[in-house]
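1. fold the following, please.
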Amino acid sequence: QVQLVESGGGLVQAGGSLRLSCAASGRTLSTYAMGWFRQAPGKEREFVAAISRSGISTRYADSVKGRFTISRDNAKMTVYLQMNNLKPEDTAVYYCAAAEAAWGSGVHQNYDYWGQGTQVTVSS
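-> This is a model prediction of the structure:
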């Protein structure tokens, strides 16, 4: 089992950047494929980015491709989401998730463990 804690959210102006971190504890992080999802008020939770257990493979939602980068440091038990050129439509609670698999893809049902989320607000 793994516990996940997100941090790094906040208020930023459009065009700005934030880096989210997801600190894992418990079972070693290299056991899990990881993903980031987000949920805006009144909307469904949506996929943002995923990274394979090894870190070799990544995948992004079309809406963030070219602006966001997911990475992981298994030795530090941490997954990151670098978000550049933020837009007001990126405003949401961002969740880190772990899947007991080599690859979790963009399907939230594939993920077994979730953090509590961190709020990202982008002002226009």
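2. now the spatially most central residue of the chain, which residues is it bridged with?
-> By CA atoms, centre = their mean, the chain has its centre lying nearest to Trp36, at 2.4 Å. Trp36 has these beta-bridge partners by DSSP bridges: Ala49, Cys96.
3. Glu46 is in contact with that one, correct?
-> No. The pair formed by Trp36 and Glu46 falls short of the contact definition of CB atoms under 8 Å, at 10.2 Å. Bear in mind the C-beta positions are built from the backbone N, C-alpha and C, glycine included.
4. and Tyr111, how many residues sit next to it?
-> By other CB atoms under 10 Å, the residues close to Tyr111 number 22.
5. give me the distance between it and Ser17.
-> Distance, Tyr111 to Ser17, by CB to CB, to the nearest Å: 26 Å.
6. could you measure the residue nearest to the centre of the chain against Ala99, distance?
-> 12 Å.
7. Ser17 now?
-> Taking CB to CB, one finds Ser17 at 27 Å from Ala99.
8. so for these two, which sits in the more crowded spot?
-> Ala99 (23 against 11).
9. list the residues that contact that one.
-> 32-35, 110-112 (CB atoms under 8 Å, 6 or more residues apart in numbering).
10. in TSV: these, plus secondary structure.
-> Below are the contacts of Ala99 laid out as TSV (DSSP: H, G, I helix; E, B strand; the rest coil):
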residue	secondary structure
Tyr32	coil
Ala33	strand
Met34	strand
Gly35	strand
Asn110	helix
Tyr111	coil
Asp112	coil
